Every structure is written in structure tokens, then in C-alpha cells.
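S.K.: Provided below for reference: sequence and predicted model.
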Amino acid sequence: MLDREWKKILPCCALLLACSWADAADLIFLRSEPGDFVGGGQQQVLTSQEVDILASRNGSNGVSVSANNFSRPNVLQLIFFNFDFAAAFGAPLQPGPFENAGRFPFQDPAVPGLSVTGNGRGCNTVTGRFDVLELEMDSITGQIQKLAIDFEQHCEGAQPALFGSVRVGSNVPLRMLLPPRIVLDTARNPQGCVEATSARGGRASLRATTVLPGNFDFAWSTSSGMRATGPQFAPLIGVKQTIGVTLTLTDRDTGNQVSATSQICSSDTTPPQIQILRPFDGEVLPWSNRRLTVRVQDLVDGSIKSFNVFVGNTEDFALNPRGNTSVPLPPRSANLGQGVVDSQIIVTARDASGNQGQQMIRVMIGTDPAAAPSQLSKQ
């Protein structure tokens, strides 16, 4: 039955042992049918990048395999799976098919033992089968060097199955083409998006990877209509836009295809850049020359229309769209008193995405129209 089910999943090769990848692999592949308790109806691929995969001999002359991320720092979710396989009557496990398996280690001695548990889920009773495709042990230590097993497990005699493959140090290929992975090499901004760098948005640098090596073609498409081929893709994503990205993997040897999807957004989190051109920090401003000259720029939002200036109080000013903007100081609402006042000037501008830029200087402002510049500098 296991062979018939695998034929539904895109066979990698016409004959299982007719093809192989270049490097030995440590991985777990699980395909859970809807209603299967252990796998939750999901498909998972676990490699040595995400989990530690260890194989050892169990007490029934069989094999135990663990896959978990306990040693990995800062994991978002714990992953832990355990697999046990044993031959009938405690015989040494060898390559071949093992039918009518029961739950290890409680199976009848006359039948093989099988148990797959994961993330706190397991079966009270098990029916199923497994194929040992490769098993090599060190003749002295008994340490497992190569292991390849495909299995089918049913919990509580139910119809939904958990199909899977275990590979430890093995180059025996899987019976299916695994989905590729979409890697975003562009750093994400605080909103989890690609940072917009112009009014057109931001460019995402995407890279295709495969769980196992092979002879593949890559085809990209997006929900916004962009297409590309090859292992890399750099779509442009508009400001405040989210696109769906689909990567299709084609096996050149068999023509089989499988796809992966991801959603990527672009947003603007960069505040406007403000330059206070005049006055200079620490400058003395006489009554006759109390003006502020600023330049406000934003790579994404070229439509910033206003900014405000704080000198005791705040006043809004229109921004010159063609260049620098010059406005009188202090704002009309400010009450600075008489004489020469040590004042803080704060210029603030906001862009269309709500990002706020700010620049500050301190100056001496003359408030007496009769005072000459030389008098101001002496006070």
C-alpha cells in the first residue's frame, strides 16, 4: 500500500535506487493526511539546518531516531520527533520491507515494531509498515552510519495515514520531489518588510534553495504579474504593497514539478532628512536677520508639503518644493522676552507614512530691534 500511496506524490525517479544526490543527507520528511493525529494533516521537511537528527540502536535490535531543536538558541517553537523501527522476534533490522507493524515496543513479538511520535502527540495503537532501504553500522561500535527508511503509520486503526522518510548520512533519494525554499536575502525593516528606497518601493533579493541537490530549473512568478527564471529573483514591491511570490521547481531529469509560495511586503520606515542650513549651531542672530533656512528631503515621499519649527512655541510652514525654504524666526506665537535669548530651534517634518524626522540647534536670538550685532555678541 505504501508504494501505491507514494505514486500519488510525484516520483523523483522511475526506480528508487536509480538516482541519488551527490551528498549524504540528514533529513526527515513527513506527509500527514487530514485526520492523522500525529502529523496534524501537515507536510513537513526537517533538515540538519533546523534540528539535530540522531540515530542509534534500540533495545530490540532495531533503530531509534530523534529529531529536535533543543540545542538551538532562540527558537520560536520547539520541534521534537521520535522514530522507532524493529523487526519481528527481536531480529537484527536489515534492508527490506516490514509489513503489519504494531506499536513499538508493545507489538506482538511476531510482528515488526513501529512508532512515530512528534511534538507531544502519539498513538495508543499503531498499524502500518516500513521499508528499510539502507542500513549500515560500524562493525565494532555498532554506531549507525547510514540509514534510509520510508514508513506508513495509522493511529488507532484509523484510515488517515502519516507517511514519512528518514535519512541519516544516506544518499538514497526520496520518492517525491520536495518543495523548494524561498530565501529573502534583503534585510527586513522593523515592520517585517523590505524597506522602500524610492517612490516606486523596494526591491526584494530572493534566492531559491532546495532541500536536496539535483538537476533543477527554477521559475518565479508574482501576484503583481512579474516573472523570472533562475535561482535568484529581485522583484520590485510598491510602497505599502504585499505581493505573493511563487517559486516552481522542475526536475530536469523527470519533468516533475513542485512549488512553494511566500508573501513579501515593502514599507517606508525611513524618516525625512532635515538639514538646517542657516543659522549655524551657536550663532548669534540679530533682530534684523532672524531667519531659518532648511532643506527637507525624503527618497520615498517627495510630496512632503510642510514642516514645523519650535522656538518656545510651534508654528507650521509650507515647504518650498523646488529647493531650500527660508522662514522668519522666531515664530509669531513665541514669547522670547527682551534682550538676547538662548533659544533651542527644533525643526520637525513627517512623511506620508508617518515617519518623523527632526533636527535641533541652539542659537542666541536678539529680541531688541535697537540692539546692534556687536552689542548682542557682548551679552
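M.R.: It's in.
S.K.: so residue 224, which state does it fall into?
M.R.: On the three-state scheme (DSSP: H, G, I helix; E, B strand; the rest coil), residue 224 is labelled coil.
S.K.: for residue 89, helix, strand, or coil?
M.R.: Going by three-state DSSP: residue 89 is helix.
S.K.: in which helix or strand does residue 361 reside?
M.R.: Element membership of residue 361 [criterion: DSSP states H and E] is strand 356-366.
S.K.: what is the mean pLDDT for that strand?
M.R.: Averaged over strand 356-366, pLDDT sits at 90.
S.K.: can I get that strand as CSV, trimmed to CA atoms?
M.R.: C-alpha atoms of strand 356-366 as CSV (Å, rounded to 0.1, in the frame of the first residue of the first chain):
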residue,chain,number,x,y,z
GLN,A,356,9.1,61.8,11.7
GLY,A,357,12.5,63.5,11.1
GLN,A,358,13.9,66.1,13.5
GLN,A,359,16.9,68.4,13.7
MET,A,360,17.9,70.7,16.5
ILE,A,361,20.3,73.6,17.1
ARG,A,362,20.9,76.2,19.8
VAL,A,363,21.3,79.9,18.9
MET,A,364,21.3,83.4,20.6
ILE,A,365,18.3,85.4,19.3
GLY,A,366,18.2,89.2,19.6
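S.K.: list the contacts of residue 280.
M.R.: Neighbouring residues of residue 280 by Cβ atoms under 8 Å, 6 or more residues apart in numbering: residue 361. In short, each C-beta sits where N, CA and C put it, glycine included.
S.K.: quick revisit: which other helices and strands does the strand holding residue 361 contact?
M.R.: strand 273-278, strand 284-285, strand 340-350, helix 373-378 (3 or more Cβ pairs under 8 Å, 6 or more residues apart in numbering; DSSP states H and E).
S.K.: now those in CSV, with mean neighbour count and distance to residue 126?
M.R.: Below are the helices and strands packed on strand 356-366 laid out as CSV (neighbours: other Cβ atoms under 10 Å; distance: least, Cβ to Cβ, whole Å):
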stretch, mean neighbour count, distance to residue 126
strand 273-278, 15, 65
strand 284-285, 20, 85
strand 340-350, 18, 62
helix 373-378, 12, 92
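S.K.: next one: the closest residue to residue 359 other than its chain neighbours, what pLDDT does it get?
M.R.: In this structure, residue 359 finds its nearest non-sequential neighbour in residue 274, 4.1 Å apart by Cβ to Cβ, 6 or more residues apart in numbering. We have a pLDDT of 95 for residue 274.
S.K.: contact partners for residue 274?
M.R.: Per Cβ under 8 Å, 6+ apart, neighbours of residue 274: 294, 295, 296, 307, 347, 348, 349, 357, 358, 359.
S.K.: which one of those residues sits closest to residue 65?
M.R.: Checking the contacts of residue 274 against residue 65 with Cβ to Cβ, the nearest one is residue 357 at 55.6 Å.
S.K.: domains for the chain, by residue range?
M.R.: 2-170, 181-267, 273-378 (automatic domain parsing).
S.K.: compare these and say which comes out lowest on pLDDT.
M.R.: domain 273-378 (a mean of 81).
S.K.: on that earlier part again, are any of the contacts of residue 274 buried, and if so which?
M.R.: 294, 296, 307, 347, 348, 349, 357, 359 (16 or more other Cβ atoms under 10 Å).
S.K.: run through the bridge partners of the first one.
M.R.: Per DSSP bridges, residues listed as beta-bridge partners of residue 294: residue 276, residue 325.
S.K.: in this structure it contacts residue 307, no?
M.R.: Yes - the criterion here is Cβ atoms under 8 Å, and residue 294 meets it with residue 307 at 7.0 Å.
S.K.: can you list residues touching both of the two?
M.R.: Joint contacts of residue 294 and residue 307 (Cβ under 8 Å, 6+ apart) are 274, 325, 347.
S.K.: got these as TSV, with distance to residue 189 columns?
M.R.: Formatted as TSV, the shared contacts of residue 294 and residue 307 follow (distance: Cβ to Cβ, whole Å):
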residue	distance to residue 189
274	20
325	29
347	25
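S.K.: thanks a lot, see you next time.
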